[in-house]
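# next input, structure requested:
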Amino acid sequence: MKFKLQSGQITPVPKLMLLSAVLIGICFIQTTYACCIADTTWITKSNNYTNKLIAVNLKYSPESGSAEGLSQYDKLISDPSEQTELKRRRETQEVLGFIKTTLKTEENKKVREDLQILENSITLGFRQEDFALSHKVPFINASQDVFQGLRVLLDDQTEAARRPAALERLKKYTGITVGFIPYTLLVEKRVEGQLKKPGTVYPSHEEIETALERDPAYLDGIAALFTKYKLKGWEADFSILKKQLTSYDSWLKKTILPNARTDFRLSKEEYALNLEGYGIDISANELAQLAHTAFTAYQREMSVLAESIARKRHLPSGDYRDVILALKKEQITGEAILPFYKARLQAIEEIVTKNKIVSLPSRDAIIRIASTAETVQQPAPHMQPPPFMHNTGQRGEFVLPLNFPADKSGKEDKYDDFSYDAVAWTLTAHEARPGHELQFDSMLETGVSLARALYAFNSTNVEGWGLYSEYLIKPFMPEEGQLMSLDLRLLRAARAFIDPELQSGKLTTVDAYRILQHDVMLSHAFAKEEVERFTFNSPGQACSYFYGYSLLLQLRKDAEKEMGTRFNQLKFHDFLLAQGLLPPALMRAAVFAEYIGKN
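Sure, this is the predicted structure:
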């Protein structure tokens, strides 16, 4: 995924309904990946503990409960008020106290590990939350929040009987329902509360302006969803909502934008917290040094391949940049895109099966094109996982957004990065199989504890598997596919030094665009998305791909060295997937204690 994600990434956490979005945000993305659990004694015991935390999370973020297929949450909405947030914090603190007490007496090793996972997740969330409450004026995009809250109900894979609940959720967002205050007014009040605190830092000017430019797409997207699913009687309430959201954006322009900071850089403390939250446990400087070394090595490898491709194709230049430009001219357009990607997925599945790389599930993978509003929310190719807590047949979706939203000039920026033959190999391997789609299906079908599926999540372990999946398929690709697989690996290395060096001031955004467009050969649209990610959408997250891949590749090498001829990649990969979304340290411990020791 993001974990995103994250080119591709797991669908990231939306800007959530609560000001202290850090903890709830973690829970939102984590509950996306819950799963059906095998009925073993230790897992049942562990789940009983974990369910105490889940109950609090869903109580205060009911939209995420809807996304998980739990219909009892469909008519509820989040309350961003400070009073409600304090209640959530107190209840989460009570769960933390219970976990700490239980840890003192719990004897089962695996249950103890799960309790530690829960404790670490909560305490990290509290640290991030406390920093935000003490230092930050939040930017809450109400249009995005409401769109996401309605979209989880208005979806092809949501049961038709549940979709009318969107009408009631709409009324509550607008405050029409008795006892409810318009969501936008609650958000304004919450932000104003932060404005009164001394020394708080405003969001970046570019972040706010970019969101304001794109918010109309969310409004259009909401109307399109109600129309698509033929719900009745939404028009008048939507008209009120549209006025409220438009008024809220005007309030942002008047109250927040004039005071927004022009420097996107985070404090060292906040950036370090970000990296930790994404699963990166080395310093930003050390990460950047490793990434620079890998970047140079990937370029050398690409140069050799490019020369071979140029000779074969009689191209005038063997420079890898020129070869990539030539490959990009072979664009697949319109109705041909989906059949092409489906055929590519089938070819990869045959490679996986023939070479015994990893076990594949029986279910098909879904690939589709994103809507305009979805593209605004997530402009990169990504995996949209299915609900796992209450799955009635829904499946994950590999989503391809092809057009970047128009900027304030009205000019639409075009991707040329995802819809040509050579690149489809690595994109499909990352997002579908053997990447993220298989990663989540494995949890669904084989079962892991809720703590390991939900609260062990971080972007490093998710996206590390996605990039490692590209590595697994690369030897079987044609040379053109191998070149583009290396190019996207080059991108992940570039992310891991551009992101921290933008934050430190060593690089400027001009430098970032130059590297991404000239050396990695991204379109301007893709480069723009990347720079937005580094500077305000999710600083630090983009580093997780390279770091997670590096750790996973080293783990495989160490397992091969330890086991020699006993090493079996299919069994090794099946074991990794069966562990759920474990952080790298726990995954390594499991491999040496349970896989190597028993095989």
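# the helices in the stretch 301-450 of the chain, which residues?
Taking DSSP state H, counting those that start in this stretch as the criterion, the stretch 301-450 of the chain carries its helices at 320-328, 337-354, 372-377, 421-431, 436-446, 450.
# mean pLDDT lowest where, among those helices?
For the helices of the stretch 301-450 of the chain, mean pLDDT drops lowest on helix 372-377, to a mean of 73.
# what's that one packed up against?
On a contact count with 3 or more Cβ pairs under 8 Å, 6 or more residues apart in numbering; DSSP states H and E, helix 372-377 meets helix 142-151, helix 205-228, strand 403-404. Heads up, the C-betas are built off the backbone N, CA and C, glycines and all.
# if we go to 10 Å?
Applying 3 or more Cβ pairs under 10 Å, 6 or more residues apart in numbering; DSSP states H and E, one finds that helix 372-377 contacts helix 142-151, helix 205-228, strand 397-400, strand 403-404.
# quick revisit: the helices of the stretch 301-450 of the chain: which one's closest to Lys598?
Among the helices of the stretch 301-450 of the chain, the nearest to Lys598 by Cβ to Cβ is helix 436-446 (16.7 Å).
# and Glu349, how many neighbours?
For Glu349, the count of nearby residues is 18 (other Cβ atoms under 10 Å).
# now it: how far from Ser204?
With distances taken as Cβ to Cβ, to the nearest Å, Glu349 is found 43 Å from Ser204.
# these two touch, right, Ile351 and Ala429?
Yes: if you go by Cβ atoms under 10 Å, Ile351 and Ala429 touch, sitting 9.2 Å apart.
# overlap in contacts of the two?
Counting by Cβ atoms under 10 Å, 6 or more residues apart in numbering, the common neighbours of Ile351 and Ala429 are 472-473, 476-477.
# now these as CSV including secondary structure and neighbour count?
Shown next, in CSV, are those (DSSP: H, G, I helix; E, B strand; the rest coil; neighbours: other Cβ atoms under 10 Å):
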residue, secondary structure, neighbour count
Leu472, helix, 20
Ile473, helix, 25
Phe476, helix, 18
Met477, coil, 20
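# more neighbours: Ile351 and Ala429, which one.
Ala429 (31 against 19).
# check the spacing between the closest residue to the more buried one other than its chain neighbours and Leu338 real quick.
Closest residue in space to Ala429, ignoring its immediate chain neighbours: Ile473 at 4.2 Å, by Cβ to Cβ, 6 or more residues apart in numbering. Applying Cβ to Cβ, the value for Ile473 to Leu338 is 20 Å.
# Gln157 too?
To Leu338, Gln157 is 17 Å away according to Cβ to Cβ.
# what do you get for Leu551?
Distance of Leu551 to Leu338, given as Cβ to Cβ: 34 Å.
# ok, those two, which is more surrounded?
Leu551 (22 against 14).
# beyond the helix or strand containing that one, next helix or strand please.
Here Leu551 is covered by helix 544-563, with elements defined by DSSP states H and E. Remark: after helix 544-563, the chain's next helix or strand is helix 569-578, criterion DSSP H and E.
# give me the neighbour count for the residue nearest to Met302 when sequence neighbours are not counted.
The shortest distance from Met302 to any non-neighbouring residue, by Cβ to Cβ, 6+ apart, is to Tyr320 (4.3 Å). Around Tyr320 there are 26 other residues, counting by other Cβ under 10 Å.
# list the contacts for Tyr320?
Residues near Tyr320 by Cβ under 10 Å, 6+ apart: 298-307, 309-310, 483, 486-487, 490, 519, 521.
# please redo it, this time with the cut-off set to 6 Å
The contact partners of Tyr320, taken as Cβ atoms under 6 Å, 6 or more residues apart in numbering, are 302-303, 306.
# reformat those as CSV; add neighbour count and distance to Lys100.
Listed next are these as CSV, based on neighbours: other Cβ atoms under 10 Å; distance: Cβ to Cβ, whole Å:
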residue, neighbour count, distance to Lys100
Met302, 24, 50
Ser303, 16, 55
Ala306, 26, 56
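# for the residues you listed, which one is nearest Asp558?
Closest approach to Asp558 among these (Cβ to Cβ): Met302, at 27.0 Å.
# surely the closest one touches Ser485?
No: with contact defined as Cβ atoms under 6 Å, Met302 does not reach Ser485; the gap is 9.8 Å.
# could you measure from the closest residue to Lys253 other than its chain neighbours over to Thr446?
Once flanking residues are discounted, Lys253 sits nearest to Leu212: 6.8 Å by Cβ to Cβ, 6+ apart. Leu212 sits 45 Å away from Thr446, going by Cβ to Cβ.
# how about Thr246, what does it touch?
By Cβ under 6 Å, 6+ apart, the contact list for Thr246 is empty.
# A helix includes it, no?
Yes: when DSSP: H, G, I helix; E, B strand; the rest coil is applied, Thr246 is found to be in a helix.
# so, low pLDDT: which residues of this protein?
1-39, 377, 379, 386-391, 393, 402-412 (pLDDT under 70).
# mind listing the strands for the chain?
9-10, 366-369, 382-384, 397-400, 403-404, 413-414 (DSSP state E).
# and of the ones you listed, who's closest to Ala451?
The nearest among the strands of the chain, by Cβ to Cβ, is strand 9-10 at 19.1 Å.
# what's Val111 in contact with, if anything?
Val111 makes contact with 42, 45-46 under the criterion Cβ under 6 Å, 6+ apart.
# would you reformat those residues as a markdown table and include neighbour count and distance to Phe440?
Compiled in a markdown table, these are given as follows (neighbours: other Cβ under 10 Å; distance: Cβ to Cβ, whole Å):
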| residue | neighbour count | distance to Phe440 |
| --- | --- | --- |
| Trp42 | 15 | 22 |
| Lys45 | 16 | 24 |
| Ser46 | 27 | 20 |
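# using a markdown table, lay out these together with distance to Ser459.
Shown next, in a markdown table, are the contacts of Val111 (distance: Cβ to Cβ, whole Å):
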| residue | distance to Ser459 |
| --- | --- |
| Trp42 | 27 |
| Lys45 | 29 |
| Ser46 | 23 |
